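Novice: Sequence plus the predicted model coming up.
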Amino acid sequence: MAHKMLEGKKGIIFGALDERSIAWQTAQKVVEEGGQIVLTNAPIALRMGKINELAKECNAEVIPADATSTDDLENLLNKSMEILGGKLDFVLHSIGMSPNVRKTIPYTDTNYDNFMKTLDISALSLHKLLQSCMKLDALNEWGSVVALTYIAAQRTFPGYNDMAEAKALMESIARSFGYHYGFAKKVRVNTISQSPTVTTAGSGVSGFDAFFDYADKMSPLGNAPSEDCAKYCVAMFSDYTRMVTMQNLFHDGGFSSTGVSQPIVEKMELAAGKGS
Ligand SMILES: NC(=O)c1ccc[n+]([C@@H]2O[C@H](COP(=O)([O-])OP(=O)(O)OC[C@H]3O[C@@H](n4cnc5c(N)ncnc54)[C@H](O)[C@@H]3O)[C@@H](O)[C@H]2O)c1
């Protein structure tokens, strides 16, 4: 049921590739809640993905932008303000890519050119986006920027490879830029740390299925589905969370605060032949 929580608000959604993308679900929820959006993705993703279907459904324009290019980002912001008729109230950064993960290069034998690309695409892009927004004065006061992250920023999950460093850097950028943007324009910047989710980026992580199952059994509420992540993004874009900034917000069914759960103990006992 929609509550029109974003009536009158305008923004940009990065990263909708196909219907499994967290950004796809978020775009649908934002529009359902009365928000107006521009969709964007990297030019190559626009050719491969199905974003035009979403654009039609959301009555949104699509503007290509490689999030590592400040020229592309400035063009995107200027055009979005033109299309939406003014400054923006929210932006979703839902971007992640590691060439080392894609090529299954082990963390301990990393390719440093790839590593730099991982950091540029998955972390520095948030800084570039925020800096471009500030330069163009593209965000309204109390505007809200949300970037998606994963708990591998705090704890080691070996299959996550160099994306762990990228997420740690990105969360730090959200805090640092959130400080400056808060004082300068009352704009807030937060990261949402989401449960493992079956998407193109998610399933690229080695051992994803076992990992997904483990997290589900460890979390008192189970893994958070992407539809719920979309709802959390809507809440963070709304005026109901006006005083929240510079936070890393876990949206993970309780995983991050659980040491071990009974279902995991029972699974281990069963594997050791001790189960009933
Ligand atoms: N799926 C999970 O398990 C999970 C868990 C926690 C956090 N996240 C994060 O959620 C976000 C969205 O990922 P997703 O799971 O929806 O997967 P996804 O593959 O659907 O989305 C990733 C998006 O990043 C875009 N992208 C890659 N390079 C880009 C570039 N240079 N410029 C602009 N866009 C670019 C891709 O085109 C794609 O749309 C990512 O930041 C991801 O790390 C995912």
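Specialist: Received it, and whenever you're ready, just let me know what you need. Numbers count the residues shown, from 1 in each chain.
Novice: To what extent is the closest residue to the ligand within the stretch 101-250 of the chain buried, counted in neighbours?
Specialist: Taking C-beta to the nearest ligand atom as the measure, the stretch 101-250 of the chain has residue 202 as its residue closest to the ligand, at 2.6 Å. Placement of C-beta: from N, CA and C, glycine included. By other C-beta atoms under 10 Å, the residues close to residue 202 number 20.
Novice: Just the pLDDT at it, thanks.
Specialist: If you check residue 202, the pLDDT there is 80.
Novice: what do you get for the one 5 residues further on?
Specialist: Looking at residue 207, its pLDDT reads 82.
Novice: How about the longest helix seen in the chain, which residues are buried there?
Specialist: Assignment by DSSP state H gives helix 163-185 as the longest helix of the chain. For helix 163-185, the buried set under the neighbour-count rule, 16 or more other C-beta atoms under 10 Å, comprises 163-167, 169-174, 177-178, 181, 185.
Novice: So which of those is the closest to residue 29?
Specialist: Set against residue 29, the nearest of the buried residues of helix 163-185 by C-beta to C-beta is residue 174 (21.2 Å).
Novice: got the buried residues for the helix or strand of the chain with the lowest mean pLDDT?
Specialist: Lowest mean confidence among the helices and strands of the chain (mean pLDDT, DSSP states H and E): helix 200-203, at a mean of 80. By neighbour count on 16+ other C-beta under 10 Å, the buried set for helix 200-203 is 201-202.
Novice: for the helix or strand that it is followed by, packing partners?
Specialist: Proceeding N to C from helix 200-203, the next assigned helix or strand is helix 208-218, under DSSP states H and E. The contact analysis (3 or more C-beta pairs under 8 Å, 6 or more residues apart in numbering; DSSP states H and E) places helix 208-218 against helix 262-271.
Novice: if I look at residue 218, how far off is residue 145?
Specialist: Residue 218 sits 30 Å away from residue 145, going by C-beta to C-beta, to the nearest Å.
Novice: And those two? Which one has more around it.
Specialist: Taking other C-beta under 10 Å, residue 218 and residue 145 do not tie; residue 145 has more neighbours (28 against 20).
Novice: That one bridge partners, please.
Specialist: residue 91, residue 189 (DSSP bridges).
Novice: show me the contacts for it.
Specialist: 90-91, 93, 129-130, 133, 139, 174, 181, 187-190 (C-beta atoms under 8 Å, 6 or more residues apart in numbering).
Novice: Identify the residue spatially nearest to residue 217, adjacent ones excluded.
Specialist: residue 263 (4.2 Å; C-beta to C-beta, 6 or more residues apart in numbering).
Novice: Give me the pLDDT value at that neighbour.
Specialist: 96.
Novice: Could you do residue 210 as well?
Specialist: Residue 210 is given a pLDDT of 87.
Novice: Run a quick neighbour tally on it.
Specialist: Using other C-beta under 10 Å, residue 210 has 10 neighbouring residues.
Novice: and residue 257, what is it in contact with?
Specialist: Applying C-beta under 8 Å, 6+ apart to residue 257 gives the contacts residue 250.
Novice: Equivalent analysis for residue 148, please.
Specialist: Applying C-beta under 8 Å, 6+ apart, the residues near residue 148 are 22, 92-94, 96, 191-192, 194, 229.
Novice: want to throw those residues into a markdown table with neighbour count?
Specialist: Output for those, formatted as a markdown table (neighbours: other C-beta atoms under 10 Å):
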| residue | neighbour count |
| --- | --- |
| 22 | 25 |
| 92 | 27 |
| 93 | 25 |
| 94 | 26 |
| 96 | 25 |
| 191 | 28 |
| 192 | 24 |
| 194 | 26 |
| 229 | 23 |
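Novice: Including secondary structure, could these go into JSON lines?
Specialist: Shown next, in JSON lines, are the contacts of residue 148 (DSSP: H, G, I helix; E, B strand; the rest coil):
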{"residue": "22", "secondary structure": "helix"}
{"residue": "92", "secondary structure": "strand"}
{"residue": "93", "secondary structure": "strand"}
{"residue": "94", "secondary structure": "coil"}
{"residue": "96", "secondary structure": "coil"}
{"residue": "191", "secondary structure": "strand"}
{"residue": "192", "secondary structure": "strand"}
{"residue": "194", "secondary structure": "strand"}
{"residue": "229", "secondary structure": "helix"}
